[in-house]
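Peer 1: Whatever this is, show me its structure:
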Amino acid sequence: MQNKIASFLFQHKTCPLPGLGTLSVTHTGAGVDFSNKLIQAPKTGISFDERETDATALISYLSATTGAGAQEAEQALGHFCDSLKTGGETTWDSIGSFQVDASGKINFTPEEVPAAFAQPVIAERVIHPDAAHQILVGDKETTTTVMTEMLNEKPEAKDRWWIWAIVLGVIGLVALLIYFTEFKSGTGSFGNAVNYIHS
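Peer 2: The predicted structure is shown next:
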């Protein structure tokens, strides 16, 4: 009976136990350990809840797998659940163990999954610098290679000779302006100044 009920539990992820409660298969997601570069394996466990659920599907399953009638399968299930209540401690392979304390309360201890079945996986980050991937830039689709080349282009050195020509031209104009201004006043330091004396 234990093997049949365990098979039903693992197939349907939940299994009602009339007069006791409900067993359920639980899953925890994979964990990430960034500091050690590991991905922890997801864990599967069994939980027990004292709330009872409908056992019709389990009875049909037991009837179909044992060849017994539905009523006979229901009675066998009832006897099995009663034995769990009165048996002190019952160990159930691959599921766990049921214990009945002095007050008649049923406690369930799930069987631990061996650590060998839940080994972490090493997660090294792999970077392929030469791999090209499709990316969307604005509304244009391109590749990472094209974008890298575009962003790494060195701007061409532009010929700016005309700036120097303007600067030299302005300096020349300023020099001429100073020369002619001082020449008209006759006190210029450029050339010889001529002073006429009228008698």
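
Peer 1: For the residue positioned nearest the centre of the chain, which non-adjacent residue is closest in space?
Peer 2: Computing the C-alpha centroid of the chain and ranking residues by C-alpha atoms, centre = their mean puts residue 32 first, at 8.9 Å. Beyond its immediate neighbours in the sequence, the residue positioned closest to residue 32 (C-beta to C-beta, 6 or more residues apart in numbering) is residue 39, lying 5.8 Å away. Placement of C-beta: from N, CA and C, glycine included.

Peer 1: partner residues bridging residue 97?
Peer 2: The residues paired with residue 97 through beta bridges, assigned by DSSP bridges, are residue 91, residue 109.

Peer 1: Report the contact partners of it.
Peer 2: By C-beta atoms under 8 Å, 6 or more residues apart in numbering, residue 97 lies in contact with 89, 90, 91, 108, 109, 111.

Peer 1: Which residue is the nearest non-sequential neighbour of the first one?
Peer 2: So that's residue 89. Nearest residue to residue 89, sequence neighbours excluded (C-beta to C-beta, 6+ apart): residue 99, at 4.7 Å.

Peer 1: Are we agreed that that neighbour is in a helix?
Peer 2: No. Using DSSP: H, G, I helix; E, B strand; the rest coil, the secondary structure at residue 99 is strand, not a helix.

Peer 1: Tabulate the CA atom coordinates of the host helix or strand of residue 23 in PDB.
Peer 2: Element membership of residue 23, judged by DSSP states H and E, is strand 21-28. The C-alpha trace of strand 21-28 is given here as PDB (Å, rounded to 0.1, in the frame of the first residue of the first chain):
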ATOM      1  CA  GLY A  21      -4.600  15.000   6.300                       C
ATOM      2  CA  THR A  22      -2.800  15.600   3.000                       C
ATOM      3  CA  LEU A  23       0.700  15.000   1.700                       C
ATOM      4  CA  SER A  24       2.100  17.400  -0.900                       C
ATOM      5  CA  VAL A  25       5.300  17.500  -3.000                       C
ATOM      6  CA  THR A  26       6.900  20.900  -2.600                       C
ATOM      7  CA  HIS A  27       9.600  22.500  -4.800                       C
ATOM      8  CA  THR A  28      12.000  25.300  -4.000                       C
END
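
Peer 1: In the sheet, which strands lie alongside that strand, parallel or antiparallel?
Peer 2: strand 14-17 (antiparallel), strand 43-49 (antiparallel).

Peer 1: buried set for the first one?
Peer 2: Counting neighbours by 16 or more other C-beta atoms under 10 Å, one finds that the buried residues in strand 14-17 are 15, 16, 17.

Peer 1: between the residues you listed, which is closest to residue 80?
Peer 2: residue 17 (8.3 Å; C-beta to C-beta).

Peer 1: so the closest one bridges to which residues?
Peer 2: With DSSP bridges applied, residue 17 shows beta-bridge pairing to residue 21.

Peer 1: and it, what does it touch?
Peer 2: Under the criterion of C-beta under 8 Å, 6+ apart, the contact partners of residue 17 comprise 5, 23, 52, 55, 81, 84.

Peer 1: Fine by me, we can end here.
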